[in-house]
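**Q** any chance you could fold what I've pasted below:
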Amino acid sequence: MAICSASSRCLALILLTTLSFSGCFAEIHTSEIRSDSQPIIPLDVFGFTHTGRLELNVSQISLSNSNPDLDLSKIGFFLCTRDSWLHVLQQLEESDITCALKSDVVKTVYSFDRLKGTTSFGTVYQMNDADQFTLVFANCLQQVQISMNVRSVMYNLEDKNGRRDYLSAGKAVLPRVYFLFSLIYFGMAAIWIRVLHKKRLTVFRIHFFMLAVVILKALNLLCEAEDKSYIKRTGSAHGWDVLFYMFSFLKGISLFTLIVLIGTGWSFLKPYLQDKEKTVLMIVIPLQVVANIAQIVIDESGPYGHDWFTWKQVFLLVDILCCCAVLFPIVWSIKNLREAARTDGKAAVNLMKLTLFRHYYVVFICYIYFTRVVVYALETITSYRYLWTSTVAGELATLAFYVYTGYKFKPEAHNPYFVIDDDEEEAAAEQLKLEDEFEL
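**A** Got it, this is the predicted structure:
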């Protein structure tokens, strides 16, 4: 009963993990297990088609108990789907089985009773069912510690030519998706260069910074497309992941810096930053460094790596802090414009600026909500075959935010002889009086 209870608790934890993070991180995965007595060790998750394969190679197997009477059939590897976790858990709780390997709803890949005294083995498991499976190691012998090196290779065979596809089903189209979006951003950069050249007399420094952000985003997507393409063909990134992380780091810092600068009105409303605005930048930039480090650890270790949950929580916390921090300059600009509208006699002009910043505030909130909450919900509820849709949704939202930012803050020719009539000025002043104070 003790082993049943321990297994149940572990299975419950793994079930929650699988339900919460359905992304597939597998291509070629290597794990080192040292003196581990856990009854359940999840190793990898992958979306298989009907032509899926699992190549499992385990070496340097060592048990802390060398008793020849041990029932080694209770130690081994198996594959299990998300839906079957609940059934396995129920079987354990009702004592129908005492070991997850004995369940009739799991696919046993290899049990240690087949070792016959050897310390290594290799096997190829052919999938007949298309689904998302988790590779799990089970040790149902109490107080038996195990050490070994595990190398798992999961892939699907393409129907036409039998070529291996190391990307999980549902993510096989991602290289093309990222490449398409990179072309769109490169096109946007070209259009933006044309706009800057055409309106060069009214271009501010912030506009060149916006161009740099778009180019970094395009390079980031291009490197991610190559990263996923190499993984798809070979199972490893061949160095493209390094370039991807580098441009991801630069893109993240530059984007949040741009939002802070736009929020302060730097360059196009005023040529300087106040001390409190500089403080926000000094907070956001280090937070982005921490967020990128956390993202690298999360991506490289996978959902079952050591300290993965800790780094995931760090990333979410830092991301929320960054999003909140960049809102303050926008709110400060809104308040400053309200005060200026009451004192400088230019209510109509300031009301237009105030409306622009208010709209940008709302759009930024919607962008953050969609990319952090809605996209996460799509990843959770979407079938493994359509996991690419959450990526497309997130990239479309980001593209829309970039386009909106560029359109609203593009270079404009301001006519110094433009005069607002008295009626418009009085109407704007009355509107400002009637509006409630804008608060964060």
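
**Q** contacts, neighbours, all on C-alpha from now
**A** Fine.

**Q** the stretch 1-150 of the chain: helices as residue ranges?
**A** 2-20, 82-93 (DSSP state H, counting those that start in this stretch).

**Q** same for the helix or strand hosting F328, what does it pack against?
**A** Counting by DSSP states H and E, the element that carries F328 is helix 327-343. Counting contacts by 3 or more C-alpha pairs under 8 Å, 6 or more residues apart in numbering; DSSP states H and E, helix 327-343 is packed against helix 240-264, helix 347-369, helix 422-434.

**Q** residue contacts, the residue lying closest to K74 once chain neighbours are set aside?
**A** What sits nearest to K74 in space, not counting adjacent residues and going by C-alpha to C-alpha, 6 or more residues apart in numbering, is C140, at 5.3 Å. Applying C-alpha atoms under 8 Å, 6 or more residues apart in numbering, we find C140 in contact with 3, 39, 74-75, 98-100.

**Q** how many neighbours does the closest residue in space to Y125 that isn't next to it in sequence have?
**A** Excluding the flanking residues, the one nearest Y125 by C-alpha to C-alpha, 6+ apart is L54, at 5.0 Å. As a burial measure, L54 scores 20 neighbours (other C-alpha atoms under 10 Å).

**Q** name whatever forms a beta bridge with L54.
**A** Per DSSP bridges, the residues bridged to L54 are Y125, M154.

**Q** OK, contacts around it?
**A** By C-alpha under 8 Å, 6+ apart, the contact set of L54 is 124-127, 152-155.

**Q** mind checking how far it is from C366?
**A** Per C-alpha to C-alpha, to the nearest Å, L54 is found 42 Å from C366.

**Q** also L243?
**A** 30 Å.

**Q** more neighbours, these two?
**A** L243 (17 against 14).

**Q** the closest residue in space to S333 that isn't next to it in sequence: what's it in contact with?
**A** Excluding the flanking residues, the one nearest S333 by C-alpha to C-alpha, 6+ apart is T264, at 5.9 Å. Applying C-alpha under 8 Å, 6+ apart to T264 gives the contacts 273, 277, 329-330, 332-333.

**Q** mean confidence score for stretch 318-332?
**A** For stretch 318-332, the mean per-residue pLDDT is 85.

**Q** ok so, going back, now, of the contacts of T264, which are buried?
**A** 277, 329-330, 332-333 (16 or more other C-alpha atoms under 10 Å).

**Q** could you identify the longest helix within this structure?
**A** Looking across the chain with DSSP state H, the single longest helix is helix 205-234.

**Q** report the distance from that helix to the chain centre.
**A** Taking the mean of its C-alpha atoms, helix 205-234 sits 15 Å from the chain's own mean (C-alpha atoms, centre = their mean, to the nearest Å).

**Q** from the contact counts, what lies against that helix?
**A** Applying 3+ C-alpha pairs under 8 Å, 6+ apart, one finds that helix 205-234 contacts strand 164-165, helix 174-198, helix 240-264.

**Q** how close does S390 sit to W311?
**A** 22 Å.

**Q** brain fart, K199
**A** From K199 to W311 the distance is 45 Å (C-alpha to C-alpha).

**Q** number of nearby residues for the residue lying closest to T119 once chain neighbours are set aside?
**A** In space, and not counting its chain neighbours, T119 is closest to I61: 4.8 Å by C-alpha to C-alpha, 6+ apart. For I61, the count of nearby residues is 18 (other C-alpha under 10 Å).

**Q** so who does the closest residue to F209 other than its chain neighbours touch?
**A** Using C-alpha to C-alpha, 6+ apart and skipping the chain neighbours, the partner closest in space to F209 is L258 (7.3 Å). For L258, the contacting residues are 206, 209-210, 213, by C-alpha under 8 Å, 6+ apart.

**Q** closest one to T405 out of these, please.
**A** Distances from these to T405 were compared by C-alpha to C-alpha; the smallest belongs to M210, at 9.0 Å.
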